[in-house]
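Enquirer: Okay, here's the prediction I keep looking at, along with the sequence it came from:
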Amino acid sequence: MGSADYEFLTVWRVAGTPEDVAAVLGDARLLPRWWPSVYLAVEPAGGTLEGSPAPGVPRPVHLHTKGWLPYTLRWTLTVTEPVTNRGFALTAAGDLNGTGRWTFEQDGPETVITYDWRVSAAKPLLRRLSWLLKPAFAANHRWAMARGGESLALELRRRRHRDDPQSVPLPPGPTFRQLRTVNLAAAGAAGVPDRGCGSRVCPN
């Protein structure tokens, strides 16, 4: 494996069914709303997001993402098989190139989620510095996935308490204050309660 190649295996455990999990993770349009610490923006790739190229397969989307470190990534996510309650696979192309697979398994009242992510960094900054900073870049990914596990658990709680969304805390926001402020405004536009913070920065 080269210095710019990465392999990660992440395991989450959340309250909810595999169907609940698939409904959230299988809809990339919603990522900036419930996982704002990582997903800054999503746009349709090559047309609208209406319809599907095949039954159960969402259209590709362009993503703008970040982690804890002060750089962002732009890449295209393409789901390569139908989204089911057992999981689905995807490809990444752009600043990251590779494949990912989500797997969902029921365990009592919880779902165990496994994400197998194998990518190569194509962004010039990451390629040039991977030989030196690969441990830091890997830690950045683990930070992002930890925030994702927290955010998914909150989103599932929010969906179970649609009659009282104020009872569920906001998901963790981006690490930079200005990005956090922007995302609070975006969250409000998407219907996520802002806890009375308005446009100011709320604590994570």
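Expert: Okay, I see it.
Enquirer: quick one: the strands in the protein?
Expert: Using DSSP state E, the strands of the chain run over 5-15, 39-44, 61-66, 72-79, 87-94, 96-107, 110-121.
Enquirer: Packing partners of the fifth one?
Expert: Contact partners of strand 87-94 among helices and strands, from 3 or more Cβ pairs under 8 Å, 6 or more residues apart in numbering; DSSP states H and E: strand 72-79, strand 96-107. To be clear about C-beta, it is placed using only N, CA and C from the backbone, and glycine gets the same treatment.
Enquirer: Any idea which of those strands gets closest to Ala23?
Expert: The closest of those to Ala23 is strand 96-107. By Cβ to Cβ, the value is 10.9 Å.
Enquirer: Tell me the buried residues in that closest one?
Expert: By 16 or more other Cβ atoms under 10 Å, the buried positions in strand 96-107 come out as Leu96, Asn97, Gly98, Gly100, Trp102, Phe104.
Enquirer: for stretch 54-72, same thing?
Expert: For stretch 54-72, a neighbour-count test (16+ other Cβ under 10 Å) marks 57-63, 65-69, 72 as buried.
Enquirer: Next: stretch 78-86.
Expert: Thr78, Val79, Val83, Asn85.
Enquirer: mind checking how far the third one is from Gly56?
Expert: Spatial separation of Val83 from Gly56 under the definition Cβ to Cβ, to the nearest Å is 6 Å.
Enquirer: and the nearest residue to Glu7 once chain neighbours are set aside, how many neighbours does it have?
Expert: Closest residue to Glu7 apart from its sequence neighbours, by Cβ to Cβ, 6 or more residues apart in numbering: Arg118 at 4.9 Å. When neighbours are defined as other Cβ atoms under 10 Å, Arg118 has 16 of them.
Enquirer: need the contact list for Arg118.
Expert: Asp5, Tyr6, Glu7, Phe8, Gly98, Thr99, Gly100 (Cβ atoms under 8 Å, 6 or more residues apart in numbering).
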